[in-house]
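[1] Test case, fold it:
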Amino acid sequence: MVGEKQKITADVASSHTIKKFELIEGYVKEWAQKLLNYQGCDSIIFIDCMSNSGVYQDNFGSEVFGTPIRVANYLSSIMKKYPNKKAYLILNDIDSERIDILKTRLPVNTSNFHINSYVGDGNDLLKNIKISKNCRASYLLLYDPYVASIDWEALLPFLKNWGEVIINHMVSDSIRAVPQVSRSSAIEKYEQTYLADIQSLFTFGSDKAAYEARIQEIITSLHGQKENRYYIASFPFFRERNVLVYHLLHCTSNIKGFKLFKKVAWKTFGGKSSSKNTRGMENQYVLDFEGTGVLRTSADECCYYIKDVAEYLFEKFKGQSDVPLSEIWKTLDEHPVFPSDGFKNEIKSELRNSYGCKSSIGSITFKD
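    Numbers count the residues shown, from 1 in each chain. Here you go, the predicted structure:
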């Protein structure tokens, strides 16, 4: 039963927030299993530097656990199977009362499972963490501010590291506030987040794509290692009435983690790329005047379906015979949103049913 203190401080978690919890929890489950079963990894480290209390209520008043409790409970349960590996959790919030609540819901430490909790500014915490040069330890950092406020100095060591970073880009804050911002403190916040002067940001206006592109540009630049590809997967989250709230970005230099995050995101959203309600428009046909003149179903860049994945592949390979499946899946592996893992049968079925493609063992033929 939630205590009086918890009743006062527990926030309401709306549906998009709960979906975010589910996505991160789902990813951690697969991320942890892959690494703990990898001989070259001795330990995993999960960092949530803006963790809140971990205890929420949904819109119906039922208790809902947030990311830190979900991750802690899962890792605690599996570490018994890996006595020679270690799992560390670093949890922080600026509010001491929220950390006190969080502590009451966390599992106990064991010989190979450790939780360290802190109170303070999350950016200060990150700046004080010394990243081990031991490449046998793998990091996953969750950076989840409540507004569009990102301290890139704090994130820099983690973006350059071999670990992974999940960033909540609260683009709704920027869309709403930047066009009319006047207070010096607010101007400084947005200039720090987008590493641009406010006059440049005024040109973005309410263009969500411009803000998102700028964030991804900064991440790629800060990673800095041009000889190695850096992968960024980005998925939008919507509240009711299809209002965009934020983008959740997954950043990694490892294509396996990139593929895995895309798979988990599509699974979390029920076989599509977001929770946006497209109201059946994905099944409405439109005439492609600029292309072949044939009927196509409409696509929404904020909410893709398997049909959009199939169309992308058909347009890329049409007219080619016996295209190896390995080449097809590699094409999707590199895509910033479309998955390959977890949806291969659905994609092949859509290619056959909607485009008349012929599949055989190991290849697909794309007719004109």
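[2] burial count for the closest residue to residue 314 other than its chain neighbours?
    Distances taken as Cβ to Cβ, 6 or more residues apart in numbering place residue 355 nearest to residue 314, at 4.8 Å, with adjacent residues excluded. No exception for glycine: its C-beta is placed from N, CA and C like everyone else's. Neighbour count for residue 355, taken as other Cβ atoms under 10 Å: 16.
[3] Same check on residue 358?
    Residue 358 has 13 nearby residues by other Cβ under 10 Å.
[4] likewise residue 165?
    Quick note: residue 165 (other Cβ under 10 Å) scores 21 neighbours.
[5] sec struct for it, please.
    strand (DSSP: H, G, I helix; E, B strand; the rest coil).
[6] Just give the closest residue to residue 27, not the sequence neighbours.
    Here the residue nearest residue 27, using Cβ to Cβ, 6+ apart, is residue 264, at 4.6 Å.
[7] Sorry, slip of the keys, the one I care about is residue 238.
    residue 276 (4.8 Å).
[8] who's in contact with the one you found?
    Contacts for residue 276 (Cβ atoms under 8 Å, 6 or more residues apart in numbering) come out as 236, 238, 242, 300, 302-303.
[9] Can you tell me the SS state at it?
    Residue 276 ends up coil, using three-state DSSP.
[10] can you list the domain ranges for the chain.
    Following automatic domain parsing, the chain resolves into domains at 4-268, 281-365.
[11] Name the residues of the lengthiest helix in the chain that are buried.
    Under DSSP state H, the helix in the chain containing the largest number of residues is helix 15-36. Neighbour counts over helix 15-36 (16 or more other Cβ atoms under 10 Å) mark 16-29, 31-32, 35-36 as buried.
[12] Just after that helix, pick out the following helix or strand.
    strand 43-48 (DSSP states H and E).
[13] returning to that earlier point: could you identify which of the domains of the chain is most buried?
    When you average the neighbours per residue for each of the domains of the chain (mean count of other Cβ atoms under 10 Å), domain 4-268 leads with a mean of 18.
[14] average model confidence for that domain?
    The average pLDDT within domain 4-268 is 94.
[15] what residues are up against the closest residue to residue 85 other than its chain neighbours?
    Nearest residue to residue 85, sequence neighbours excluded (Cβ to Cβ, 6+ apart): residue 36, at 5.2 Å. Listed by Cβ under 8 Å, 6+ apart, the contact set of residue 36 reads 44, 78, 81-82, 85, 87.
[16] Between which two of these is the distance greatest?
    44 and 81 (13.3 Å; Cβ to Cβ).
[17] Would you double-check that residue 131 falls in a strand?
    No. Counting by three-state DSSP, residue 131 is not found in a strand; it is coil.
[18] residues contacting it?
    Per Cβ under 8 Å, 6+ apart, neighbours of residue 131: 139, 157-158, 161, 163.
[19] my guess is residue 143 meets residue 164, correct?
    No. If you go by Cβ atoms under 8 Å, residue 143 and residue 164 don't touch, sitting 11.2 Å apart.
[20] And the strands in the stretch 51-200 of the chain?
    With strands called from DSSP state E, counting those that start in this stretch, the stretch 51-200 of the chain shows them at 55-57, 63-65, 86-93, 113-119, 137-143, 164-169.
[21] hang on, the earlier thing: and the longest helix of the chain with strand 164-169, angle?
    If you take axes from the mean of the first three to the mean of the last three Cα atoms, to 10 degrees, helix 15-36 sits at 170 degrees to strand 164-169.
[22] relative orientation of helix 15-36 and strand 137-143 in degrees?
    Using the same axes, to 10 degrees: helix 15-36 against strand 137-143 is 170 degrees.
[23] ok, back up a step: make TSV from the contacts of residue 276 and add secondary structure and distance to residue 117 to it.
    Shown next, in TSV, are the contacts of residue 276 (DSSP: H, G, I helix; E, B strand; the rest coil; distance: Cβ to Cβ, whole Å):
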residue	secondary structure	distance to residue 117
236	strand	31
238	strand	32
242	helix	37
300	strand	41
302	coil	36
303	strand	37
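[24] Using a markdown table, lay out the residues you listed together with distance to residue 49.
    Compiled in a markdown table, the contacts of residue 276 are given as follows (distance: Cβ to Cβ, whole Å):
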| residue | distance to residue 49 |
| --- | --- |
| 236 | 23 |
| 238 | 25 |
| 242 | 30 |
| 300 | 33 |
| 302 | 28 |
| 303 | 30 |
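[25] Which parts of the stretch 201-350 of the chain are helices?
    Using DSSP state H, counting those that start in this stretch, the helices of the stretch 201-350 of the chain run over 208-223, 255-268, 306-317, 325-333, 344-355.
[26] Just put those in JSON lines and tack on distance to residue 197.
    Converted to JSON lines, the helices of the stretch 201-350 of the chain look like this (distance: least, Cβ to Cβ, whole Å):
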{"stretch": "helix 208-223", "distance to residue 197": "12"}
{"stretch": "helix 255-268", "distance to residue 197": "32"}
{"stretch": "helix 306-317", "distance to residue 197": "37"}
{"stretch": "helix 325-333", "distance to residue 197": "37"}
{"stretch": "helix 344-355", "distance to residue 197": "44"}
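[27] In terms of pLDDT, where does residue 278 sit?
    82.
[28] quick one, what contacts the spatially closest residue to residue 317 that is not a sequence neighbour?
    Closest residue in space to residue 317, ignoring its immediate chain neighbours: residue 366 at 4.4 Å, by Cβ to Cβ, 6+ apart. Shown in contact with residue 366 (Cβ under 8 Å, 6+ apart): 313-314, 317-321, 323, 351, 355, 357.
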